[in-house]
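Student: return atomic coordinates for the entry below.
(2 chains)
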Amino acid sequence: MGDRSGALLPRARAPRGFSLASLVALVALVLVVALIPQVIKKPLILHMWIMVFLAVAQGAAWNLIGGYAGQYSVGHAAYFGMGAYTTMLLLEQHQIAPWFGLGLSVLNAVLLSTIIGSITFRLRGPYFVLASIAVAEILRLGALHFKDYTRGAEGILLSGIPPLETPWFAIRFVGKVPFYYASLLLAGGVVLANWIVQRTKLGYYFQAIREDQDAAHSLGINLTLHKNVALALSAAFTAATGALFALYVRFIDPNIVLGIDVSVQAVLICIIGGIGTIPGPVVGSIVLVLLSETLRNPKWLAQLGIVGYDSAPVAFIEAHFSNAHMLIYGILVVLVIEYAPDGILGLSRTAWNRWRRARRPEAPSQPSAA
Amino acid sequence: MTVFLQSTLSGILVGGVYALIGVGLTMIFGVMRVINFAHGDLLMVGMYLTWGLFTWLGLDPYVSLLITAPAMVVFGALLQKVFINRVLNALPQNQILLTIGLGLIMSNGMMLVFTSDYRILTTSYSSSSFMLGGISVSQPLLYSFLVTVLITVALFLFLQRTDTGQAIRATAQDREAAQLMGINVTRMSVLAFGLGTALAGTAGALLAPTYYIFPQVGGPFTLKAFVVVVLGGMGSVVGATLGGVLIGLTESLAAVYVASGLKELVVYVAFLLVLLFKPSGLLGKSRM
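Tutor: Numbers count the residues shown, from 1 in each chain, chains lettered A, B, ... in the order given. A predicted model of the protein is given here:
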C-alpha cells in the first residue's frame, strides 16, 4: 500500500494511533449504552436499539470481506439464513439449546463459506458479485422447496427459549433486555474484530488484496487463502447475527432470512456509513435502522414524545410509507454513491476539515510546511 | 414424448422473452461496462406502463408497444444522463450499488403508487391456445415470441448496417479509439442505455398478458438476465439471444423433469457451473 493507493482512495490511509483519550471515551460510551435498559423501559425504544445492534453486527461482519478485503459479496443472506435456520431447526426439532445452536450455526456458516469461497474466488469483479447472489438464491429456493427439512414458505415459529442456567447465574429470555445485551455484545464483538483486522498483518493482507490483487499476489500474498479467511470470519459473524435475529424475532421464513434484501442491507449499511472503516457500519446502521423503522412504524416517534400519536406526520407516514421503507434505502444509496462515495463518515470528515481550515486561515494548508 | 415436445416448445417461446431481456443488458454492458442491476425493475416499469394503457385506454398490449417502447427509450436515456453517466469512471462496485439503489427506488416507488397488490391484464386471447399436432401452443406466448424475433432481427440489422449502429459497436469495442475516430461516446452511452431500457420494457410488455404484475416482479428477472448474458458471453448480442433460449429451455425442462419449485434453482446451479468452467460464455470472444 504505497502512496499511489492513498492518492486514489482517501479511505486507504494508514490507521492512526489509538490514544488514551479516545479509549476512555469509548469505554464511557459503552457504559452509557449498557446502562440504557436500566433507565429506559419502553419496549419500542429497546427494540429500536436491538435492531441497531443487529444491523451493526451484520454490517461490520460484511465490512470484513467487503470493506477490508474488497470482495463485494451480495450474497451474505446465505450465511445469515444459515445461522437463523441452523439455530431454529436445532431448537424446534431437536430441543438443542440456542447457545449450542449458535456455535453450530457459526461452524456451518464457516463450512459453507469455505465451499462458496473456493468456488467463487476464482472469479473477479462483477462475476464474483453475480456468483454470490446466485449462491444465496440457490439456498433460498432450496429452503422454499425442501419443506420436509425447513417447513418451506410456512416458516418456523419459535415456541420458546429455555433459560440459560449456569452455576453462577441464570438468564431467562423474557422481554427485550436479554436480547439488548446479547445483541450489544455481538455488535461489540464484530466491531472489535474489525479493529483487530485493521491493525494486524492479516488485515494488511486483506487491504493489499483490495487495493491491487495482482500486486498483492506478486508480493507473495496467497490470494485464495486470505480471501477465504476474510470470508470465513465474515460468514461466522453474519451467521451469529442471523441466529440472534431469529431468536429475537421468533419467526423466520426463507424470504425473511435468505432473501436478497438481507444481502443488500449488509452492503448498504457499510456504503452509507463509510466502507472499510470501523465507525462506518455503526453510523450506517443508526441512520438506516432509524429511518426504515420510523417509516415502518412511525408510532415510535410518538412513544419518544416527539410527536403526538394521532399527529399529521404519523398519519402521513403510515398512510404512504409503511410498505415502502426500502425506498429510503434506495434514495440514500443513490445519493451516497453520487455525492459521497466515502459515506456519511467521509462526508463529515471533509466538512470537518473544511471547517477547521476556515476557522484558522493562518494555518498552513500544506502539511510539509509545519 | 408429447410432454417433452410440449415443454421444449414452451421453453423456447419463453426463452425468446428472456433473450430480449438479456440483449438489453448485454448492450448496456457492452457500451458502458456498467452492470445494470435495475434491469428487472425496468422490465417491471414496462409491465405497469402496458397494464395502465390497457386498463385506462383499452389499448391492446401489442399495440401499446408502440407507445411503451419509445417511452422507455426516453426513460432510460434520462436515467443514464442524470445518474449513470456520473459514475462511469467510478469503481465497478459503486456502479453496481447505484443501479441496485435505482432499482429499489423504482420498485418501492411503484409500490407507493400502486400498492403491492397483484394486477392481471386479461386480454381475449390471454388463455387461449392453438393445437399443433397434439401440442398446445399458448397464443400470447407465441405472439410474444414472434415480436421478440422481429425486434432481435431489427436490432441486429440496426447494429450491423446503420452508421449509428456501427458507432455503438465501435464504442463497445474500444471507447477511447471510438472517441478518437470522432464518435460522440457520451451520446452512444445514452443511446445504448435507452435502447437497453426499451428492450427490458418491451419484454415487460410482452410478459404482461401472461404474468402477474406487481412492484417486486423485477428481481428474479434481473438475476435471470445476468444468467442469460453470462451464458452467452458478456457483450455479445447473438450470445444473449442464444443464452435466453437455452435458459428458457432449461427452466421448462427442469420444471417437468426435476420439480416445478426447483426450476430456477437448476438455472442458478447451471449458471455457477458456467461461471466456473467457461466464464467467457458460449460466444464470449465476439463483441456485439
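
Student: quick one: low-confidence residue ranges for the chain.
Tutor: With no chain named, the answer covers chain A. For chain A, applying pLDDT under 70 flags the ranges A:1-20, A:303-309, A:319-324, A:361-370.

Student: chain B is the one I meant
Tutor: B:283-288.

Student: can you map out the strands along it?
Tutor: Here chain B has its strands, by DSSP state E, at B:129-132, B:135-138.

Student: what pairs with the first one, parallel or antiparallel?
Tutor: Paired with strand B:129-132 in the same sheet, following DSSP bridges, are strand B:135-138 (antiparallel).

Student: which elements pack onto the helix or strand A:Val52 falls within?
Tutor: Per DSSP states H and E: A:Val52 is located in helix A:43-62. Applying 3 or more Cβ pairs under 8 Å, 6 or more residues apart in numbering or on different chains; DSSP states H and E, we find helix A:43-62 packed against helix A:20-39, helix A:177-199, helix A:223-249, helix A:260-273, helix A:279-296, helix A:299-304. C-beta here means a position set from N, CA and C on the backbone, and glycine is covered the same way.

Student: could you check the angle helix A:177-199 makes with the first one?
Tutor: Meaning helix A:20-39. 160 degrees (axes from the mean of the first three to the mean of the last three Cα atoms, to 10 degrees).

Student: same question for helix A:20-39: list its buried residues.
Tutor: A:33, A:37 (16 or more other Cβ atoms under 10 Å in any protein chain shown).

Student: any bit of the helix or strand where A:Leu347 lies sitting next to chain B?
Tutor: Element membership for A:Leu347, per DSSP H and E: helix A:343-359. No - using Cβ under 8 Å from any Cβ of the partner chain, helix A:343-359 stays clear of chain B, coming no nearer than 11.2 Å.

Student: that helix packs against which elements?
Tutor: Helices and strands touching helix A:343-359, by 3+ Cβ pairs under 8 Å, 6+ apart, are helix A:260-273, helix A:279-296, helix A:326-339.

Student: dump the strands of chain B into TSV; add mean neighbour count as well.
Tutor: Shown next, in TSV, are the strands of chain B (neighbours: other Cβ atoms under 10 Å in any protein chain shown):
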stretch	mean neighbour count
strand B:129-132	11
strand B:135-138	16
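
Student: hmm, back to that, out of the helices and strands packed on helix A:343-359, which one sits most buried?
Tutor: Mean neighbours per residue, mean count of other Cβ atoms under 10 Å in any protein chain shown, is largest over the helices and strands packed on helix A:343-359 for helix A:260-273, with a mean of 26.

Student: residue numbers of the stretch 101-250 of chain A in contact with chain B?
Tutor: Checking the stretch 101-250 of chain A against chain B by Cβ under 8 Å from any Cβ, the hits are A:119-120, A:122-123, A:125-127, A:129-131, A:133-135, A:137-138, A:141-142, A:144-145.

Student: straight-line length of stretch A:331-350, end to end?
Tutor: One end of stretch A:331-350 sits 22 Å from the other (Cα to Cα, to the nearest Å).

Student: with stretch A:167-185 instead?
Tutor: Per Cα to Cα, stretch A:167-185 runs 21 Å from first to last residue.

Student: same question, stretch A:251-262
Tutor: From its first residue to its last, stretch A:251-262 covers 15 Å (Cα to Cα).

Student: so which bits of that stretch are buried?
Tutor: Buried residues in stretch A:251-262, counting neighbours by 16+ other Cβ under 10 Å, are found at A:252-262.

Student: how about stretch A:203-219?
Tutor: Within stretch A:203-219, the residues that count as buried by 16+ other Cβ under 10 Å are A:203-213, A:216.

Student: which one of those residues is nearest to B:Phe226?
Tutor: Nearest to B:Phe226 out of these is A:Gln213 (Cβ to Cβ; 22.4 Å).

Student: phi and psi next, for that closest one.
Tutor: The phi and psi values for A:Gln213, taken as degrees, to the nearest 10, are phi -60, psi -50.

Student: residues touching it, list them.
Tutor: Residues in contact with A:Gln213 (Cβ atoms under 8 Å, 6 or more residues apart in numbering or on different chains) are A:124, A:223.

Student: can you put the helices and strands packed on helix A:343-359 in CSV and add distance to A:Val74?
Tutor: Listed next are those as CSV, based on distance: least, Cβ to Cβ, whole Å:
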stretch, distance to A:Val74
helix A:260-273, 5
helix A:279-296, 16
helix A:326-339, 13
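
Student: out of the ones you listed, which comes closest to chain B?
Tutor: helix A:326-339 (3.1 Å; Cβ to the nearest Cβ).

Student: so that closest one, near chain B or not?
Tutor: Yes - Helix A:326-339 reaches chain B (Cβ under 8 Å from any Cβ) through A:326-327, A:329-334, A:337-338.

Student: reformat those residues as CSV; add distance to A:Trp168.
Tutor: Below are these laid out as CSV (distance: Cβ to Cβ, whole Å):
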residue, distance to A:Trp168
A:Met326, 44
A:Leu327, 48
A:Tyr329, 43
A:Gly330, 48
A:Ile331, 49
A:Leu332, 45
A:Val333, 46
A:Val334, 51
A:Ile337, 50
A:Glu338, 54
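
Student: and the two most separated of those?
Tutor: A:Met326 and A:Glu338 (18.6 Å).

Student: which residues of chain B fall in helices?
Tutor: B:2-32, B:39-57, B:61-82, B:92-114, B:139-161, B:163-173, B:175-180, B:185-207, B:218-232, B:237-257, B:263-277 (DSSP state H).

Student: is it possible to get CSV of those that adds mean neighbour count?
Tutor: Compiled in CSV, those are given as follows (neighbours: other Cβ under 10 Å):
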stretch, mean neighbour count
helix B:2-32, 24
helix B:39-57, 24
helix B:61-82, 19
helix B:92-114, 22
helix B:139-161, 17
helix B:163-173, 18
helix B:175-180, 14
helix B:185-207, 26
helix B:218-232, 26
helix B:237-257, 23
helix B:263-277, 19
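
Student: tabulate those (a markdown table), appending distance to A:Ile45.
Tutor: Shown next, in a markdown table, are these (distance: least, Cβ to Cβ, whole Å):
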| stretch | distance to A:Ile45 |
| --- | --- |
| helix B:2-32 | 45 |
| helix B:39-57 | 35 |
| helix B:61-82 | 39 |
| helix B:92-114 | 26 |
| helix B:139-161 | 53 |
| helix B:163-173 | 54 |
| helix B:175-180 | 53 |
| helix B:185-207 | 43 |
| helix B:218-232 | 33 |
| helix B:237-257 | 48 |
| helix B:263-277 | 41 |
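
Student: which one of these lies closest to chain A?
Tutor: helix B:92-114 (3.1 Å).

Student: report the angle between the closest one and helix B:61-82.
Tutor: Here helix B:92-114 runs at an angle of 130 degrees relative to helix B:61-82 (the same axes, to 10 degrees).
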